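Colleague: Kindly return the folded structure for what I paste below:
(6 chains)
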6 protein chains.
Amino acid sequence: MAESFSEDTRRKLLSVSTATLTTVLFKRGLRNTFIGGLMPLNAQACRMAGPAYTLRYIPSREDIDHLGVFEDRLHPQRRAIEECPPGHVLVIDSRSDRHAASAGDILITRLWKRGAAGIVTDGGFRDSPDVAKLPFPAFHRGPTAPTNLIRHHASDLNVPIGCGDVPVYPGDIIVGDAEGVVVMPRHLADEVAAEAAEQSLFEEFVQERVMAGETIFGLYPPAPEAREAFRSWCAARQKV
Amino acid sequence: MAESFSEDTRRKLLSVSTATLTTVLFKRGLRNTFIGGLMPLNAQACRMAGPAYTLRYIPSREDIDHLGVFEDRLHPQRRAIEECPPGHVLVIDSRSDRHAASAGDILITRLWKRGAAGIVTDGGFRDSPDVAKLPFPAFHRGPTAPTNLIRHHASDLNVPIGCGDVPVYPGDIIVGDAEGVVVMPRHLADEVAAEAAEQSLFEEFVQERVMAGETIFGLYPPAPEAREAFRSWCAARQKV
Amino acid sequence: MAESFSEDTRRKLLSVSTATLTTVLFKRGLRNTFIGGLMPLNAQACRMAGPAYTLRYIPSREDIDHLGVFEDRLHPQRRAIEECPPGHVLVIDSRSDRHAASAGDILITRLWKRGAAGIVTDGGFRDSPDVAKLPFPAFHRGPTAPTNLIRHHASDLNVPIGCGDVPVYPGDIIVGDAEGVVVMPRHLADEVAAEAAEQSLFEEFVQERVMAGETIFGLYPPAPEAREAFRSWCAARQKV
Amino acid sequence: MAESFSEDTRRKLLSVSTATLTTVLFKRGLRNTFIGGLMPLNAQACRMAGPAYTLRYIPSREDIDHLGVFEDRLHPQRRAIEECPPGHVLVIDSRSDRHAASAGDILITRLWKRGAAGIVTDGGFRDSPDVAKLPFPAFHRGPTAPTNLIRHHASDLNVPIGCGDVPVYPGDIIVGDAEGVVVMPRHLADEVAAEAAEQSLFEEFVQERVMAGETIFGLYPPAPEAREAFRSWCAARQKV
Amino acid sequence: MAESFSEDTRRKLLSVSTATLTTVLFKRGLRNTFIGGLMPLNAQACRMAGPAYTLRYIPSREDIDHLGVFEDRLHPQRRAIEECPPGHVLVIDSRSDRHAASAGDILITRLWKRGAAGIVTDGGFRDSPDVAKLPFPAFHRGPTAPTNLIRHHASDLNVPIGCGDVPVYPGDIIVGDAEGVVVMPRHLADEVAAEAAEQSLFEEFVQERVMAGETIFGLYPPAPEAREAFRSWCAARQKV
Amino acid sequence: MAESFSEDTRRKLLSVSTATLTTVLFKRGLRNTFIGGLMPLNAQACRMAGPAYTLRYIPSREDIDHLGVFEDRLHPQRRAIEECPPGHVLVIDSRSDRHAASAGDILITRLWKRGAAGIVTDGGFRDSPDVAKLPFPAFHRGPTAPTNLIRHHASDLNVPIGCGDVPVYPGDIIVGDAEGVVVMPRHLADEVAAEAAEQSLFEEFVQERVMAGETIFGLYPPAPEAREAFRSWCAARQKV
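Modeller: Below is the predicted model of the structure:
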């Protein structure tokens, strides 16, 4: 699936904000696309775009979820780290529960080393001070020290999940910036990226005008004169 | 799997309370077995015991979850109703979200007619006034009118789920009474049922004594004399 | 405005469930129409349908909201009770806060005596045991004893409000049953009522079949044969 | 301390509503007196008034809170049941956590047999279907099966506590009705009871008038004529 | 109204902390003056003081709240941005819901350019990374990308609102610092500012002493000797 | 008690993460040891380890909790600040309520000056921008301006408490880092510190390998070869 996610689209998605993307998706009738309440651990390394690879947790049970489980190479959390394809974002359904960690420093480092595009949980990560130093996009609800076994049992890989009340299907395109994380259906990615890039250009133009003291009336949204001015602005820009 | 759930165990589980069962499970190190905050719709028909058959919802998406989906006979919610084996309890993971219904009157009636033992959601049911008239154990967090499509997408059948933060594996034994719903691992059902039945008998004895004005000290938990008295009480009882 | 709410539509709305209404509204793209988490105080008197008359509370302030305020005949809470038109439902925005009462026994009795169709708050009512004895539809989140002044300041009458996160515009049609309360735009009331009545008839037919042991596949939603059977069932019914 | 809680005050408090009491306390500057969100298990036996005897729970710890602890006669939960003075209300600080039970059937029966006036927790009780059959005022947030050890460690007896975010000092007067539970400082009980009884009488008069079709303007609160009418009404009443 | 908010008071309010202001307001019987849980987007530009100009959101509705609404120059959100008087703080009632943005980068830039003193919402702002770069006080509950239309309908300008459960009347004085936002009645602003400035001076004195190793007993609150020492300290200070 | 907390154990605890500590405690059956949702005010000064000295708040009451109470040298909050032994951590039970401050700048400065190891509340601190500048470990749920009297009444010193749903007994060892705060029984401190130090060393080794591109399979947890490699790594290290 990853092949069909073009480098051009990826580049565009990395250049626009999650805010702009949610608006473009809203125009297509999709309202529930932003995973609210998450934050990047490293604000300097939070831009990410890639297809979703998912991990699903259910609540843990004392007799099943002891430290010994990690000896098993088939343990889904460990497999997720070693099998998430390069360029993909590992998205974890932790039932929005941050009483225990969804992952920690070592696993996230390994995921980064393997070339993943990022990691997202609707719970929390442990070793968060160290994770925050990696040049790797990681988003969570907040820090949490306890091992995942206290609350989470890794159940499945790459099935549809909910993450922070947003549906995430394997292969959905996940984009992150300092504001948070947006989820979009794979088949819309190209057109959404293109429209968002255009919209971002327009907003740059608007912002210049507003900084220059102009009113938003007739400008945002644009009346015919503002549209014309935008065209000239774009033309002038391309010359440079 | 259902075959190995003996009629004797079922009968015992129907005669003891969920409170007693949680204590017996606690003795075996299992602390998270009661699905908190649920209530039976029909207090007159809330005793149930049977293996779990599960349905998993994820958050819905506008372009996927429209009314047309129910035309598909493979829709997991509809299959759950028609495929849940007789004697089983259909347990639904609704992510504890009751903004939309997990099921309604017609589907629940059908499930009852098919011989299921009960239905449980950590969300809510619609048509709840009608569901409450069925002689069928149904447990939810509270009534809710909207169709499931507004919030829920039926994703899988009979996979491990969380229900109200409690892990539920297919085949786990689910017991309900007026207090709520308890979940126990299948392999413990026989011994837990037996111990709970005994414990219930003892608590009946204690309750008689307390009603007669006795102190709980030395009685609950029992000192040697109280144990002896209990044995006599049991013996006397069996004679009758 | 009340004049244009026809008696025929009112009768139909009183005969259908809030569950059916939310589905009919969902077909028209309206997803957020059910005020979740409310319950009728008197289950025997919970059917209601009428246009909304609204009251808006903001948080109270110690120096403004003392018992003396009720001496003022212009106090919006008291005016709401005396000015809500007959046949209308008084809908109160209490910011979903039930730490203090939205209204109590005497005011609700007066509202009933004046011919209102019902009262709804997303907070709680006080004197709830007495309110529960009135043959008057009243819906709240749960009982609460303290006077509204502790948390609520009555601010406006008949402005657009939110009630339990649902938008309510003055004149919107409010329908209640034992499940809860649904809100619909006034201009849709006639067509929604008609479609819901029809849908209810169909569901009655389906329920009969399901009670007779039929599968829901091909029946709900109906395949052509089931549609035909429904037509015959309707025809037979009308003869009686 | 119990001696100074007069029978006359107790009788008056049992005859007025918690709603009226919160208003009388509000006049004295006390706003946070109602324990919100509680419900009586037995609606037929929910009137109670008596001084508070308190039990404080803290979160439990696995190595300390095992079933063996109940062997100890000094265990504070068990001592609470056996030492709460007759006529008193046992009020439990469960940190508003109903994941585990604050008490169950047998202990509550014993407490009732010992002559306590009632029991209140801001958590939940187990064996709630049986507790609901006792003619004994018991208030909680909702049913819960698990033993208290799963979440609660009984720490102290008769210290100041919070119950549902309301401060409760040992000896405070606790009053319950179908609406919930109110807490008042001991030294105010006599005057609050007297004023509330008078206020209740007035509200009875108002309710009669409102049932007869009268407006609340000038009546509630009363203008001079209404005051006069009330005096006549009282006089007429006393003659009977 | 803005005229009567003196420059002297504004300067004083900018020099004291919100913590000190809440204490001074508490002395006057006002307990609910701090909007909890908000944070400044730009910690370097969070000091603000000015009269409130308010915007009220209600929940949005799909058929009313589409992107076309912004074409209308009377749209209340856009009017708020263009009409909030210079020196005022725009305070937004978003029902504490940050699922959608209360405003974004361009509008907030325009508000700043127009000379407003700041902006406050009990929801969230979008484009938060860009907003955080403006030298303009903006306070919210946290970042959120989606357009306001997904959850919010702009309903009214400059009416009394609740913001984070605190009442805000148009013209109330709003003060912000790195800790959060405090609201005070307009007529108290002068005296509260004066008393807070004095209290701040005293706390500076105390802090010096505590840094020097002194106990807080007799110092905070001050015994007569400490009061005397404070007077000398003030006198010495003024000489410099 | 403080004497028996060895300097060696303290040093080890300061060198390991709270994440590692929770795992070591989990191995001993303790699952509920991390106080979730807290953050250090000063990320540069958040390492702390010391025995707990506790302060318990209950909800405040208007007639008892006025500003005058601080005149009393026996006020428990003030005593806590002046009596918490050097090297200890003051842990405050604020019922996870940050509507009012648990303490402020001056008191925390004094506590630091007296040699305490840190301060923890499950509520919030006021004057947080100033507290954040102290080189002193302070952990809270978030900033809050209002004086504690608005919500909290200081009730007891050095009794068992709950802090953020975690049990804390006086003398328990409290450790903090940038991730949060962990609580451990005093008698386990030495062995837990030793095992955690060893575990930290191993994780340092693992992290080196992962940074070098190695898979986690066979490494974390370690297969025999990895154990052997770790031993060599340790030996090589000690030579340096």
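Colleague: mind giving me the domain ranges of chain A?
Modeller: A:2-186, A:192-239 (automatic domain parsing).
Colleague: These: which one's closest to residue D:41?
Modeller: domain A:2-186 (28.7 Å; Cβ to Cβ). Yep, even glycine has a C-beta here, placed from its N, CA and C like the rest.
Colleague: wait, does the closest one make contact with chain C?
Modeller: No. Interface with chain C: domain A:2-186 contributes nothing (Cβ under 8 Å from any Cβ of the partner chain), its closest point being 8.8 Å away.
Colleague: average model confidence for that domain?
Modeller: Averaging pLDDT along domain A:2-186 yields 97.
Colleague: picking that back up, any chance of the domains of chain A in a markdown table, plus distance to chain B and mean neighbour count?
Modeller: Below are the domains of chain A laid out as a markdown table (distance: least, Cβ to the nearest Cβ, whole Å; neighbours: other Cβ atoms under 10 Å in any protein chain shown):
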| stretch | distance to chain B | mean neighbour count |
| --- | --- | --- |
| domain A:2-186 | 4 | 22 |
| domain A:192-239 | 13 | 16 |
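Colleague: Need these in JSON lines (columns: distance to chain F).
Modeller: Below are the domains of chain A laid out as JSON lines (distance: least, Cβ to the nearest Cβ, whole Å):
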{"stretch": "domain A:2-186", "distance to chain F": "4"}
{"stretch": "domain A:192-239", "distance to chain F": "29"}
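Colleague: Of all the ones you listed, which one is nearest residue F:128?
Modeller: domain A:2-186 (17.4 Å).
Colleague: Now residue A:20. Nearest residue, chain neighbours left out?
Modeller: residue A:196 (4.8 Å; Cβ to Cβ, 6 or more residues apart in numbering or on different chains).
Colleague: what's downstream of the helix or strand hosting that neighbour, the next helix or strand?
Modeller: Using DSSP states H and E, residue A:196 sits within helix A:189-211. Toward the C-terminus, helix A:189-211 is succeeded by helix A:224-239 as the next helix or strand (DSSP H and E).
Colleague: Pop out the phi and psi values for the nearest residue to residue A:30 once chain neighbours are set aside.
Modeller: Leaving aside its chain neighbours, residue A:30 sits nearest to residue B:62 (5.8 Å; criterion: Cβ to Cβ, 6+ apart). Backbone geometry at residue B:62, expressed as degrees, to the nearest 10, gives phi -60, psi -40.
Colleague: how far out from the middle of the chain is the longest strand anywhere in chain A?
Modeller: Ranked by residue count and defined by DSSP state E, the top strand of chain A is strand A:48-59. Strand A:48-59 sits 10 Å away from the centroid of its parent chain (Cα atoms, centre = their mean, to the nearest Å).
Colleague: Going by contacts, tell me the helices and strands next to that strand.
Modeller: helix A:7-15, helix A:76-83, strand A:89-93, strand A:152-157, strand A:161-163, strand A:173-177, strand B:161-163, strand B:166-168 (3 or more Cβ pairs under 8 Å, 6 or more residues apart in numbering or on different chains; DSSP states H and E).
Colleague: how close does the residue of chain A positioned farthest from its centre get to residue A:232?
Modeller: Distance from the centre of chain A peaks at residue A:225, with 36.7 Å (Cα atoms, centre = their mean). Between residue A:225 and residue A:232 the computed distance is 11 Å (Cβ to Cβ, to the nearest Å).
Colleague: right, and the helices and strands packed on strand A:48-59 - which one's nearest residue C:183?
Modeller: Of all those, strand A:161-163 comes closest under Cβ to Cβ, at 26.9 Å.
Colleague: Tell me the strands beside that closest one, with direction?
Modeller: strand A:166-168 (antiparallel) (DSSP bridges).
Colleague: Contacts for the partner strand, please.
Modeller: Residues from elsewhere that reach strand A:166-168, judged by Cβ atoms under 8 Å, 6 or more residues apart in numbering or on different chains: A:32-35, A:52, A:54, A:91, A:93, A:160-162, A:174, A:183, B:58-61, B:153.
Colleague: switch to 7 Å and redo it
Modeller: Strand A:166-168 is touched from outside by A:32-33, A:35, A:52, A:54, A:91, A:160-161, A:183, B:58-61, B:153, with contacts defined as Cβ atoms under 7 Å, 6 or more residues apart in numbering or on different chains.
Colleague: picking that back up, I figured the residue nearest to residue A:30 was touching residue A:29, is that so?
Modeller: Yes. If you go by Cβ atoms under 7 Å, residue B:62 and residue A:29 touch, sitting 5.1 Å apart.
Colleague: before we move on, back to that, among the domains of chain A, which is nearest residue C:13?
Modeller: Per Cβ to Cβ, nearest to residue C:13 of the domains of chain A: domain A:2-186, 27.9 Å.
Colleague: How far does that closest one sit from its chain's centre?
Modeller: That offset, for domain A:2-186, works out to 7 Å (Cα atoms, centre = their mean).
Colleague: Just say helix, strand or coil for the closest residue to residue A:75 other than its chain neighbours.
Modeller: Nearest residue to residue A:75, sequence neighbours excluded (Cβ to Cβ, 6+ apart): residue A:69, at 5.6 Å. Following DSSP: H, G, I helix; E, B strand; the rest coil, the label given to residue A:69 is helix.
Colleague: and whichever residue of chain A sits closest to chain D, what does it touch?
Modeller: Nearest to chain D, among the residues of chain A, is residue A:62, at 10.2 Å (Cβ to the nearest Cβ). By Cβ under 7 Å, 6+ apart, the contact set of residue A:62 is B:29, B:30, B:31.
Colleague: Let me have those in a markdown table, extended by secondary structure.
Modeller: Formatted as a markdown table, the contacts of residue A:62 follow (three-state DSSP):
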| residue | secondary structure |
| --- | --- |
| B:29 | coil |
| B:30 | coil |
| B:31 | coil |
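Colleague: Let's have those residues in JSON lines, adding distance to residue A:86.
Modeller: Shown next, in JSON lines, are the contacts of residue A:62 (distance: Cβ to Cβ, whole Å):
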{"residue": "B:29", "distance to residue A:86": "41"}
{"residue": "B:30", "distance to residue A:86": "41"}
{"residue": "B:31", "distance to residue A:86": "41"}
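Colleague: Just give me the closest of those residues to residue A:178.
Modeller: For these, the nearest to residue A:178 is residue B:31 (39.5 Å; Cβ to Cβ).
Colleague: which residues sit in contact with the closest residue to the closest one other than its chain neighbours?
Modeller: The spatially closest residue to residue B:31, leaving aside those adjacent along the chain, is residue D:150, at 5.0 Å (Cβ to Cβ, 6+ apart). Shown in contact with residue D:150 (Cβ under 7 Å, 6+ apart): B:26, B:31, D:60, D:99, D:100.
Colleague: Quick check: the farthest pair among those?
Modeller: B:26 and D:99 (12.7 Å).
Colleague: residue contacts, the residue lying closest to residue A:159 once chain neighbours are set aside?
Modeller: In space, and not counting its chain neighbours, residue A:159 is closest to residue A:56: 5.9 Å by Cβ to Cβ, 6+ apart. By Cβ under 7 Å, 6+ apart, the contact list for residue A:56 reads A:93, A:155, A:156, A:159, A:161.
Colleague: May I have the beta-bridge partners of residue A:56?
Modeller: residue A:93, residue A:156.
Colleague: gap between it and residue A:91?
Modeller: When distance is defined by Cβ to Cβ, residue A:56 is 10 Å away from residue A:91.
Colleague: so what sits against both of these two?
Modeller: Joint contacts of residue A:56 and residue A:91 (Cβ under 7 Å, 6+ apart) are residue A:161.
Colleague: these two touch, right, residue A:117 and residue A:86?
Modeller: No. At 8.1 Å, residue A:117 does not count as touching residue A:86 under the criterion of Cβ under 7 Å.
Colleague: Identify the contacts common to the two.
Modeller: By Cβ under 7 Å, 6+ apart, no residue touches both residue A:117 and residue A:86.
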